[in-house]
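K.L.:
fold the following, please.
(one chain, ligands or ions: 2)
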Amino acid sequence: MNQHPKLAIIGFGTMGQAICAGLVEASGYPAQQIQAADCHPAHAKVRAEALGIGLSKDAEAAVKAAEVVLLCVKPKDLKDLLAGLTAAGALDHKPLVVSIAAGTTLAFLDAHTPEGTPLVRAMPNTPCSIRKGMTVLAPGKGVSEAQLATARALFEPLGRVMDLDEKHMDAVTGLSASGPAFVFVILESLAEGGVQCGLPRAVAVELAAQMTLGAASMVLETGRHPAALKDEVTTPAGCTIAGLLALEDGRIRSVVARGIERATQVAAGLG
Ligand SMILES: NC(=O)C1=CN([C@@H]2O[C@H](COP(=O)(O)OP(=O)(O)OC[C@H]3O[C@@H](n4cnc5c(N)ncnc54)[C@H](OP(=O)(O)O)[C@@H]3O)[C@@H](O)[C@H]2O)C=CC1
Ligand SMILES: O=C(O)[C@@H]1CCC=N1
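P.N.:
Ligands and ions are numbered 1, 2, ... in the order given. Next up, the predicted model:
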């Protein structure tokens, strides 16, 4: 398969657009190689035109012409979508099908596509739109190394990519796919703290975001444990320990961890 296979993006909502923007704007995927389909093409017409990709209501035509099909509809819509595509023979040429639907297993996808359809389950996140994403891939049975490499090549320009066994996918969803929402709330809270202490709102948001970026980059770039890095910030009898103890009074660790646990539980039931 060539470097930029003909790609159908089915479901051009938040994630379909985020991945498409990452591919076209940030990684140079040729727009003419991408055809998107959505129930409401009018909603995303401006975005599709800005990206230079085709967008219509016709999922069958997009899939028939594609070498790779990226399914970006909500989990509840997948069954009918796949039934329609299968009945129309749109998957008969056996394109590589990559689904990003939360909670939707490879077994489900296999049961609702023609026999022998190569399947990959992927879990990306919205930072893929600016090439700072995290995507986890789990290949279906019978997917060749070359097909998995094709799926990986789709997401690698959008950030980090990791292969994991499918059994981890719900936890991945709760942590790295839902996670940006949790971090945005934490960032908002950090900024509110700055505002409470007199910083202008815009300054507080910038400080909170750059600090979070720096702290996350230290974990990724040094490979050191977050606790060791936290200890270095915490001067004895200084201000940081006072702030940490106030956060512990609010049970910050269990509140955040339970949020991931809850999102994981719900993700598991979405398919
Ligand atoms: N948002 C996120 O951060 C992440 C989402 N995901 C997964 O990505 C998928 C999409 O999520 P998200 O982008 O947030 O959802 P959106 O609702 O924003 O996008 C889905 C789009 O698909 C359309 N659609 C529904 N059925 C069809 C169909 N048969 N053919 C073509 N288009 C159709 C929807 O129309 P309508 O609105 O009318 O239903 C909607 O425009 C979900 O499965 C989700 O689990 C994975 C990782 C992160
Ligand atoms: O909230 C959701 O269901 C989707 C899946 C992970 C992120 N957003």
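
K.L.:
contact residues of the stretch 151-271 of the chain facing ligand 2?
P.N.:
Residues of the stretch 151-271 of the chain lying close to ligand 2 (CB under 6 Å from any ligand atom) are 173, 177-178. No exception for glycine: its C-beta is placed from N, CA and C like everyone else's.

K.L.:
redo the residues you listed as TSV? Include secondary structure and distance to ligand 1.
P.N.:
Shown next, in TSV, are these (DSSP: H, G, I helix; E, B strand; the rest coil; distance: CB to the nearest ligand atom, whole Å):
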residue	secondary structure	distance to ligand 1
173	helix	7
177	helix	4
178	coil	7
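
K.L.:
in TSV, list those residues along with neighbour count and pLDDT.
P.N.:
Listed next are those as TSV, based on neighbours: other CB atoms under 10 Å; pLDDT from 0 to 100:
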residue	neighbour count	pLDDT
173	25	98
177	24	98
178	20	98
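
K.L.:
make a markdown table out of those and add distance to residue 132.
P.N.:
A markdown table is the format used below for these (distance: CB to CB, whole Å):
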| residue | distance to residue 132 |
| --- | --- |
| 173 | 18 |
| 177 | 14 |
| 178 | 16 |
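
K.L.:
list just the nearest of the residues you listed to ligand 2.
P.N.:
Relative to ligand 2, the closest of those is residue 177; by CB to the nearest ligand atom it sits at 3.6 Å.

K.L.:
return the residues in contact with that closest one.
P.N.:
By CB atoms under 8 Å, 6 or more residues apart in numbering, residue 177 lies in contact with 102, 123-125, 267.

K.L.:
how about 7 Å then?
P.N.:
Each residue near residue 177 by CB atoms under 7 Å, 6 or more residues apart in numbering is listed here: 102, 123, 125.
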